[in-house]
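Q: could you look at this predicted model? Sequence included:
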Amino acid sequence: MDKIPHFALSEAFLRLAKIYSVSILVGLIAVPLAFSFGAVYLVGALLLSAASIWSTRRLEQEAEICSRRAVILERQLDDCRQLSSVDQLSAGIAHEINNPLAIMSQEIQWIQHLFESSTMGDTKEVEDCKESLGIISLQVDRCRETVQKLLSLARHMEPVLQNVDVNKLIENIINILERDAASRNIMIVRNLEENLPVLQGDPPLLRQVMLNLLVNASQALDSTGTITISTSSQDHFVNIVVEDTGCGIPEENLAKIFIPFFSTKPQGKGTGLGLAICRGMVEVMGGHISVCSEVGKSTAFTVSLPIHRRQ
């Protein structure tokens with residue numbers, strides 16, 4: 001067994017002596033006095049020393065807990081600062097791109113109108129030009145959709161709080177996706193708590209969050225697999241879990257998936273904004289979202305929302 005270095009023992013001893021200096025001082029003063037005044041005073045001195053040590057130890061534990069909390073809060077603050085910077089950048093980029101996209105869209109419509117009313121006829125070249133314009137129009141729409149996501153990310157959303165039947169909202173979303181999922185051999189399993197409390201939230205925001213999570217789960221499966229959506233209530237919160245039996249997320253990526261523009265999808269398959277927007281929507285409703293995953297087995301997203309929330 002390796003020996004502990006002398007300097008490490010010295011540092012540990014000095015640290016303990018510093019922490020318990022008051023307790024040691026109490027013992028050094030009280031014990032001699034106790035011997036002078038009798039056994040009762042001795043017992044009292046020992047109890048006083050023990051109480052001093054116990055209270056000092058409690059204070060040390062509380063200080064350690066506060067220190068750990070401070071580290072966590074500092075990390076969260078750093079995350080908020082980074083997200084704030086990204087939000088401001090996103091808003092600036094979105095506004096700069098919006099105007100050119102609007103002009104491009106108008107010009108495409110004008111050229112298409114010219115082709116329809118021109119006397120050039122239905123030659124192969126004209127048909128090729130029309131097809132190319134259609135492709136350009138689709139790509140412009142795609143860019144516009146990305147810009148709208150950027151604006152949603154940057155915009156400070158104010159939820160309109162209403163009573164929300166979470167189970168009913170989830171059932172409606174599943175009904176929309178279930179047919180497409182069945183065609184790909186994907187089974188959606190419901191595990192909804194009966195008599196789930198009605199919570200105060202924003203139905204459109206929650207609907208968009210759940211739709212995004214279910215679509216992501218479906219894409220993670222590609223084909224064949226199971227998506228399980230569960231609801232439960234605990235400690236004045238409603239918890240919604242969306243779990244898939246897909247490929248999973250590597251541990252090194254779990255801390256990044258809510259960061260704007262980070263995506264594990266293949267190039268051209270995602271913008272990396274969906275989960276960042278979901279996180280913002282959940283947080284403005286007073287809740288939080290988390291994820292746990294095991295590569296090759298499953299991924300589970302948990303959305304926790306307060307049952308009651310003040311305006």
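A: Arrived safely.
Q: show me the contacts for the nearest residue to residue 203 once chain neighbours are set aside.
A: Spatial nearest neighbour of residue 203, excluding adjacent residues (Cβ to Cβ, 6 or more residues apart in numbering): residue 164 at 5.4 Å. Any C-beta I mention is one placed from the backbone N, CA and C, and that applies to glycine too. Residue 164 makes contact with 198, 199, 200, 201, 202, 203, 206, according to Cβ atoms under 8 Å, 6 or more residues apart in numbering.
Q: can we see that at 7 Å?
A: Counting by Cβ atoms under 7 Å, 6 or more residues apart in numbering, residue 164 touches 198, 199, 201, 203, 206.
Q: looking at these, which has the most residues close by?
A: Ranked by the number of neighbours (other Cβ atoms under 10 Å), these place residue 201 first, at 27 neighbours.
Q: which residues does that residue bridge with?
A: Counting by DSSP bridges, residue 201 is bridged to residue 162.
Q: again with residue 192
A: Counting by DSSP bridges, residue 192 is bridged to residue 231.
Q: for it, what are its contacts?
A: 167, 170, 231.
Q: what do you get for residue 143?
A: Residues near residue 143 by Cβ under 7 Å, 6+ apart: 97, 101.
Q: pLDDT of the helix or strand hosting it, averaged?
A: For residue 143, the host element (DSSP states H and E) is helix 124-154. For helix 124-154, mean pLDDT is 74.
Q: any idea how far residue 97 lies from residue 103?
A: Residue 97 is 11 Å from residue 103, where distance means Cβ to Cβ, to the nearest Å.
Q: settle it for me: which of those two has more neighbours?
A: Between residue 97 and residue 103, counting by other Cβ under 10 Å, residue 97 is the more crowded of the two (15 against 10).
Q: element containing the more buried one?
A: Per DSSP H and E: helix 39-117 holds residue 97.
Q: and what of residue 243?
A: Residue 243 belongs to strand 237-244, assigned by DSSP H and E.
Q: next structured bit after that strand?
A: Sequence order places helix 251-254 as the next helix or strand after strand 237-244, per DSSP H and E.
Q: now stretch 290-301: buried residues?
A: 291, 293, 298, 299, 300, 301 (16 or more other Cβ atoms under 10 Å).
Q: what's the answer for stretch 246-260, then?
A: Buried-residue list, stretch 246-260, by 16+ other Cβ under 10 Å: 246, 247, 248, 249, 257, 258, 259, 260.
Q: cool, stretch 198-218 as well?
A: Quick answer for stretch 198-218 (16+ other Cβ under 10 Å): 199-203, 205-210, 212-214, 216-218.
Q: out of the residues you listed, which sit inside strands?
A: Among those, the residues falling in strands (DSSP state E) are 199, 200, 201.
Q: JSON lines for the residues you listed, including distance to residue 145 and pLDDT?
A: Formatted as JSON lines, those follow (distance: Cβ to Cβ, whole Å; pLDDT from 0 to 100):
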{"residue": "199", "distance to residue 145": "30", "pLDDT": "90"}
{"residue": "200", "distance to residue 145": "30", "pLDDT": "86"}
{"residue": "201", "distance to residue 145": "25", "pLDDT": "87"}
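Q: go through those residues and say which is closest to residue 283.
A: Nearest to residue 283 among these: residue 201, at 12.2 Å, using Cβ to Cβ.
Q: does that closest one touch residue 307 like I think?
A: No: the pair residue 201 and residue 307 fails to qualify as a contact (Cβ atoms under 7 Å) at a distance of 9.3 Å.
Q: which residues touch stretch 301-310?
A: By Cβ under 7 Å, 6+ apart, the surrounding residues in contact with stretch 301-310 are 161, 197, 199-201, 209, 213, 236-242, 282, 285-291.
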